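Asks: Using only what follows, build the 3D model:
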Amino acid sequence: MMQDQQRQALRKRQWLYLNGLLVAVLLLLGLLLAFNVTAPQFFLVVGLLFLVTPVSIWVFKESNPLLRALPGMGELSQYEHEKLGESWGNYQFSTALLQTACSLFFFVQAFIREGGAPFREGIPIWYFIVVPVIILLIINLNHRSHIKRMDGKTPEQLHTYAEEKKLFSTVFASVTLVMTLIGTCVVMLLS
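Replies: A predicted model of the protein is given here:
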């Protein structure tokens, strides 16, 4: 197992890498807005971005191969994989399922949106400042709670948590799917 001091140093580095990646994604989305992409184009890109993690998990058996390629992150990923043991699949499945549901939502938005007007038209400028800050805050809080769980719980506690997380994710994704389908039908009927 990894020493506490080494793990803490790697966690700090992980936080820097994660936030750098998030800022890069937000800058990409900001660049798209600067080029006046339409709502369907914007939602399509967001949907594709949400698919990166599920595809990584299902194809590469890795939650974030890009992050793993950075110095020290392979060791941290291996530590988490070993600590989760056979629960790794359930733990990652729930993340993949939730992000796939989000991706589906954005793909549906891209499909049902009409017009060639820029996405940002009619949206106040403060929205484009507040939303990225909220996104960064939520993702950082989620990452912090992941670290506390991963480093503070025993493998047995993580096994129980992974099972509960999988169940919650399945129910939540199912409800999201049904609501998205109902909403899409309503929009299509009213159009």
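
Asks: in stretch 66-80, what counts as buried?
Replies: For stretch 66-80, the neighbour count (16 or more other CB atoms under 10 Å) marks 67-68, 70, 72-73, 76-77, 79-80 as buried. C-betas here are computed from N, CA, C, even on glycine.

Asks: Let me fix that, I meant to ask about stretch 135-150.
Replies: Buried residues in stretch 135-150, counted by 16+ other CB under 10 Å: 143, 147, 150.

Asks: Ok, stretch 17-27 next?
Replies: Of all the residues in stretch 17-27, those buried under the rule 16+ other CB under 10 Å are 17-18, 22, 25-26.

Asks: Does anything pack onto the helix ranked longest in the chain? Which helices or strands?
Replies: Longest helix in the chain, counting residues (DSSP state H): helix 155-190. For helix 155-190, the packing partners by 3 or more CB pairs under 8 Å, 6 or more residues apart in numbering; DSSP states H and E come out as helix 73-84, helix 88-112, helix 127-152.

Asks: Can you say which of these is nearest to Ser63?
Replies: helix 88-112 (5.6 Å; CB to CB).

Asks: now what about the closest one, what contacts it?
Replies: Around helix 88-112, the neighbours that count as contacts under CB atoms under 8 Å, 6 or more residues apart in numbering are 39-44, 46-48, 50-51, 53-54, 57-58, 63, 80-81, 84, 158, 161-163, 165-166, 168-170, 172-173, 176-177, 180, 183-184, 187-188, 191.

Asks: Run the angle between it and helix 127-152 for me.
Replies: Between helix 88-112 and helix 127-152, the angle comes out at 170 degrees (axes from the mean of the first three to the mean of the last three CA atoms, to 10 degrees).

Asks: No more questions from me, cheers.
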